[in-house]
Structures are given as C-alpha cells and as structure tokens.
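**Q** Provided below are the primary sequence and the corresponding predicted coordinates.
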Amino acid sequence: MAFDRLIENIVKMQNPTVAGLDPKLDYVPESIKTKCFEKYGKTLEGAAAALFEFNKALIDALYDIVPAVKPQAAYYEMYGWQGVKALCDTIAYAKSKGMFVITDGKRNDIGTTMEAYATAHLGHTDVAGESIDAFGADALTVNGYLGTDGIKPFVDVCKEEKKGIFILVKTSNPSSGEFQDRMIDGRPLYEWVGEKVAEWGADCMGDSYSYVGAVVGATYPEQGKILRKVMPKSFILVPGYGAQGGKGADLVHFFNEDGLGAIVNSSRGIICAYKQDKYKDMGITAENFADASRKAVEDMIEDISGALANR
C-alpha cells in the first residue's frame, strides 16, 4: 500500500518532510534558464526544460534525506503541454530515485469524470488493450466538496492500484475559515469533513494507516490537534511550514504517539533556499542552489524532530 512505502521512507530517513516542487521561472537560477533558452528559445518548451533541470538537481540533492516530493500541477500547467510533460518527467525521475510522489492537483468531480481523474493520476490508462501509466504518482490531493460521489472513484482506484489520496480538510490559507470554520449542528465544517475522511478510509487500510489521508494546514495547530483525534488512522499532509509561517512547535499534535501519521510540506523554503540570507552567508550561491536546499531540509528536520522530542 502506498502510505506503507511512505512510512518506510520516513522511518529510514528519520524525516517526516516532503519537498514541494512548485517551480516558477523566477525561482530557477539564470545559468539553467540561459542553457535551456539557448537550446529551445524563450518558448514554453524552453521554460519547461528549465523547470525540469531545476527539479532534477533538487531531487539529486535531496533523495537520500527527503522521503517524498510534492509537485503542484498548476506550476507546470501554466507552461502548456510542455509544462505538463515536465511534470510527468519530474514524477518519473523522483520515483526512479525511490521517492514517494504526491501530485498536488486538488481534483474533484463526479461519476466518469472523477474516474478519469483517478485513472490519469493514480491508475493505468487503457490504450487499445495496453495498460499504461499516464502520470504515475503515488498519491494525489483531492477536494471532497462534492461528497462521496466525488471520492468513491478515487478510493476504488486506490484499492486496486495501492495508491493514496489526501482530502482537503482544513487548509493553511488565511481565508479558509470563511467556509471551513462554519458551524453545523454545533461543530465546524472541517470536523464533519474529517469525520467523513475517517469513514471513507475505514475499509481500505494499509498496515497502520488508511489509503485516505487528509490535508490540514500547519498554520492551524489547534485544529490539527482536534483533527488528529477525529482521524486517528488517516495520514495527514501538513502544508504551511516555513514561508506561510508554520514551525516545528506548531506540528506536534499532527503526529500520533508513534511519531508517525503526518508529513510536513515546505516548498519555497526548500527550493528557494539559495535566495535566503541565512544560506548566502554560508557562501552558497545560485550556482550551487541545491546545496542550500539540502541545508534547509536539514534545518527543517532539526526543528521538527526537536519539537517532537520535547512534546
């Protein structure tokens, strides 16, 4: 089961973090962009090539200490089909290095449309009798707003393919409370959603956790504490660390007593670390940007493990 492999990586590396591969051209060092633009021109193909070269260098620097990566689909789709190919290539390259891959797509629909999303991202596409991976990620973020009709197709594919999903429950953005904190029968909506996540995952369990995980932002630690109890067997993807303000001390209640059950995402804090004064002062430049990313991960590990040790 997918999350069992994720847990193996986390335990082996003693690191419950995921690197968010959310590249913009502004994040890519000039040397990479220059090389790609000289080959392909200032085109969508050139931009996509630069993103993939950037990602490859990051993966090479991190695969032995980071259990998972999370590419956000929008950062690739903005460069057209060439960008989508860069997403596919990034997923394949990360998996070749043994990393667990979470595609952040926040997909949602019903019926055959949702089956198509599930097949595209986690399943196998039938081409005249040949079964082929389209994207091949290990897990996908999903919006549960349409209810069971929108989740069941994914659960079915997860069971068949041994893949996972992370359903949005309490997101890290400031305005999330406009809907997610609304009270329904005396309880906030996010609790009701968390309860459904636990229900959806109850009949598709791995060794310790279900195929159905949740997204709960690091910026809401008190809600995370509540939701950990509501969803004891759901793995929690925790965005909002670093650039959005989350820190290790905020995260302790997202984890179970065994130190597992959550994986913490940092995107800009890792992939753009070379732009931070902290790492510039160490002599790191844009030319060795991946060294800064590795150092940022090491600092993140120290922050989170220290917080967990002292809880």
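**A** Noted; the coordinates are in hand.
**Q** which one is Arg218 nearest to, not counting chain neighbours?
**A** Not Arg; residue 218 is Ala. Nearest non-adjacent residue to Ala218, counting by C-beta to C-beta, 6 or more residues apart in numbering: Gly246, 2.8 Å away. Bear in mind the C-beta positions are built from the backbone N, C-alpha and C, glycine included.
**Q** ditto for Asn108
**A** For Asn108, the spatially nearest residue (C-beta to C-beta, 6+ apart) is Asn143, at 3.7 Å.
**Q** Ile91 is in contact with Gly136, correct?
**A** Yes. Contact criterion C-beta atoms under 8 Å: Gly136 and Ile91 qualify, at 5.7 Å.
**Q** what does the pLDDT read for Gly245?
**A** Model confidence at Gly245, expressed as pLDDT, equals 64.
**Q** before we move on, what about the one 3 residues further on?
**A** Predicted confidence (pLDDT) for Gly248: 82.
**Q** related to what we said a few turns ago, okay, Gly136 and Ile91: which has more neighbours?
**A** More crowded of Gly136 and Ile91, by other C-beta atoms under 10 Å: Ile91, with 24 against 19.
**Q** now list whatever residues contact both of Gly136 and Ile91.
**A** Val101 (C-beta atoms under 8 Å, 6 or more residues apart in numbering).
**Q** how much space between the closest residue to Lys70 other than its chain neighbours and Asp203?
**A** Nearest residue to Lys70 in three dimensions, chain neighbours excluded: Ile102, at 4.3 Å (C-beta to C-beta, 6+ apart). Distance, Ile102 to Asp203, by C-beta to C-beta, to the nearest Å: 22 Å.
**Q** which one's more surrounded, these two?
**A** The neighbour count for Ile102 versus Asp203, taken as other C-beta under 10 Å, is higher for Ile102 (28 against 11).
**Q** ramachandran angles for the more buried one?
**A** The phi/psi pair for Ile102 (degrees, to the nearest 10) reads phi -110, psi 110.
**Q** for it, give me the pLDDT.
**A** 98.
**Q** who's it bridged to?
**A** Ala139 (DSSP bridges).
**Q** so what's it up against?
**A** Val18, Ala68, Val69, Lys70, Ala137, Asp138, Ala139, Leu140, Thr141, Phe166, Leu237.
**Q** how about Gly248?
**A** Met300, Asp303, Ile304, Ser305, Gly306, Ala307, Leu308.
**Q** same question, Glu115
**A** Pro153, Val157.
**Q** one more time with 7 Å, if that's ok
**A** By C-beta atoms under 7 Å, 6 or more residues apart in numbering, the contact set of Glu115 is Pro153.
**Q** oh, and call the first residue 35 from now on, that's how I've got it
**A** Happy to do that; since the first residue is 35 now, the last one works out to Glu149.
**Q** ok, now how distant is the residue nearest to Lys104 from Asn49?
**A** Counting by C-beta to C-beta - Ile136 and Asn49 are separated by 15 Å.
**Q** buried residues, stretch 220-231. List them.
**A** Neighbour counts over stretch 220-231 (16 or more other C-beta atoms under 10 Å) mark Pro222, Leu223, Tyr224, Glu225, Trp226, Val227, Gly228, Lys230, Val231 as buried.
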